[in-house]
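# Everything below, folded, please.
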Amino acid sequence: MSISVFRKFTMAFFTLLAALMLESTWHAPRADQLIILFDRYADRLAHDLNAGKAVHGVVGWLAAVCPWVFLSLVVFYALDVVSPVLSWIWTVALLYASLGFRSVVHGVRTIFESLRAGQLDEARASLSRWSGGTDLSSYAEPEIAKTTIETALTRVHRQVFGVIFWFVVLPGPAGAVLYRLAEETERLWAHGREEESRAFGTFAAKAFHTLDWLPVRLSAIGFAVAGNFEDAISTWRMQAQSWIDRTQGIVLASGAGALGVRLGGPLPASNGIDFRPELGDGGIADADYLQSTLSLLWRALIVWLVLLLLLTLARWVGY
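Here you go, the predicted model:
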C-alpha cells in the first residue's frame, strides 16, 4: 500500500472527527447561511435557464454544482502548497458546512420534548418548520412522531452519511461539496409540479440518484447494525420497493425495522388523505420512539466512524 493512500484514510478519519466535534459543540449561523446562499443561487439559475427542456437542466446543474467543487479543490491544493495545516483547516471548514447531524438531532429533540410535555401545537409548529410541511393541524401524536422519524432518517442519510461517503472517496473536500450540493439541487429542482419544472429537474434527480446509489445502501446497513439487524434487513428487502421513491424507501424501511416502529401509512392532507405504503410491522410511533430514534442516529454515526477507523487501521497494518 502506498503512503499516500494510508495518509488519505488517516486524514479522512481525523478530519471527519474534528468536523463532527466542532459541529456538536459550536453552531455557526454563517455556515447555515452558505447553504441558504447556494439555494438562492440555484433558484436564480433555474429562473434564468429553465425553458422547459431537459438539456437546460443539464447546463443549470453543471453551473450550479461544478464551479464550487472545482473551487474547493483549487483552494485545497493551493493551501497545501503553503502549509498542509491550512489545507486541513479548509477541509474541516467545508465538511463542517456540509454536515447536518446537529440540525437533525436538534429537530428530533425539540419535537420529542414538546410531545413529552403534551404540547401538540408546539410539536406541530416545530415539525412544520423543520420538515417544510404546510398544514399539520390535524396531525395527532402518532402522525407527528412518524413524520419526525421519517424526516430524521432521510436527512441524516442525505446530510451526514452520504456526505461522509463521498468525502472519503474524493480528494480534499470535493466529495462532501459535490454530494451536498447535488442533494440540494435535487431537492430544489426535481419535485416541481409543472411539466417545465419536472423536465428541468430531470438531470438533477438522475445525478443525485447516481451519486446516492451506494451511500443509501450503506446508510441502510448502518441502521441495521445500529438497531435490530434482522428486522431492518427483512423490512428493507420486503417493503422498500413499495415506496414511491425507491431510494428513500430503502432508508425508511431499514430504519423502521431497526427501530421496531411502523412508518408510512396514511397521513391527513389538505385535500383529504395521503395514502402511503406502510413500512415496518412494529409499534405505533409516539414520543418514546423519538427518543429511540435519537439513540439510533448516534449509534449509526458511531458505526460509520468505527468502520472508517478500521479501514485506517487495516491500511496501517498493510503498510
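
# Would you mark the buried spots in the helix or strand harbouring Thr210?
Secondary structure here is read from DSSP states H and E; on that basis Thr210 sits in helix 202-226. Within helix 202-226, the residues that qualify as buried by neighbour count (16 or more other CB atoms under 10 Å) are 202-209, 211-212, 215-216, 218-226. C-betas here are computed from N, CA, C, even on glycine.

# Give me the contact list for the following helix or strand past that helix.
The element immediately downstream of helix 202-226 (helix or strand, assigned by DSSP H and E) is helix 229-239. Counting by CB atoms under 8 Å, 6 or more residues apart in numbering, the neighbours of helix 229-239 from elsewhere in the structure are 220, 223-224, 249-250, 253-258, 260, 277-282.

# Secondary structure element for Leu263, which one?
Applying DSSP H and E as the criterion places Leu263 in strand 261-264.

# residues in contact with the residue lying closest to Trp243 once chain neighbours are set aside?
Using CB to CB, 6 or more residues apart in numbering and skipping the chain neighbours, the partner closest in space to Trp243 is Gly249 (2.7 Å). By CB under 8 Å, 6+ apart, the contact set of Gly249 is Gln239, Ala240, Gln241, Ser242, Trp243, Leu279.

# Just give the closest residue to the fourth one, not the sequence neighbours.
Beyond its immediate neighbours in the sequence, the residue positioned closest to Ser242 (CB to CB, 6+ apart) is Pro277, lying 4.0 Å away.

# Isn't that neighbour up against Trp243?
Yes: at 5.9 Å, Pro277 and Trp243 qualify as touching, with contact defined as CB atoms under 8 Å.

# All the strands of this protein, residue numbers only.
With DSSP state E applied, the chain shows strands at 261-264, 267-269, 272-274, 278-279, 283-284, listed in chain order.

# in the chain, which ranges drop under the pLDDT threshold?
1-9, 27-31, 133-134, 192-197, 315-319 (pLDDT under 70).

# now do 50
Within the chain, the stretches falling below the threshold (pLDDT under 50) are 1-3, 6.

# In it, which helix is the longest?
Assignment by DSSP state H gives helix 287-318 as the longest helix of the chain.

# and that helix, which residues are buried?
287, 289-290, 292-294, 296-297, 300-301, 303-304, 307-308, 312, 315.

# Likewise for stretch 141-151?
In stretch 141-151, counting by 16+ other CB under 10 Å, buried: Glu143, Ile144, Ala145, Lys146, Thr147, Thr148, Ile149, Glu150, Thr151.

# residue contacts, the residue lying closest to the first one once chain neighbours are set aside?
On the basis of CB to CB, 6+ apart, the spatially nearest residue to Glu143 that is not a chain neighbour turns out to be Leu267, at 5.9 Å. Taking CB under 8 Å, 6+ apart as the contact definition, Leu267 lies against Tyr139, Glu143, Thr147, Ile273, Asp274, Arg276.

# bridging residues for the fourth one?
Meaning Ile273. Beta-bridge partners of Ile273, counted by DSSP bridges, are Pro268.

# isn't it right next to Pro266, touching?
Yes: at 5.0 Å, Ile273 and Pro266 qualify as touching, with contact defined as CB under 8 Å.

# Look at the two and report which has more neighbours.
Between Ile273 and Pro266, counting by other CB atoms under 10 Å, Pro266 is the more crowded of the two (12 against 9).

# ranges for the helices of the stretch 101-250 of the chain?
101-116, 120-131, 141-156, 162-169, 174-189, 195-200, 202-226, 229-239, 246-259 (DSSP state H, counting those that start in this stretch).

# Just say which of those is most tucked in.
Across those, the average number of neighbours (mean count of other CB atoms under 10 Å) peaks for helix 246-259, which reaches a mean of 26.

# hey, C-alpha coordinates of that one in CSV?
Included here for helix 246-259 are C-alpha records, laid out as CSV according to Å, rounded to 0.1, in the frame of the first residue of the first chain:
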residue,chain,number,x,y,z
ARG,A,246,-37.3,3.7,-4.0
THR,A,247,-34.1,5.3,-2.7
GLN,A,248,-35.9,6.9,0.2
GLY,A,249,-37.8,3.7,0.7
ILE,A,250,-34.6,1.9,1.4
VAL,A,251,-33.6,4.3,4.2
LEU,A,252,-37.1,4.4,5.7
ALA,A,253,-37.7,0.6,5.5
SER,A,254,-34.3,-0.2,7.1
GLY,A,255,-34.9,2.5,9.8
ALA,A,256,-38.4,1.2,10.6
GLY,A,257,-37.1,-2.3,11.0
ALA,A,258,-34.1,-1.2,13.1
LEU,A,259,-36.4,0.8,15.4
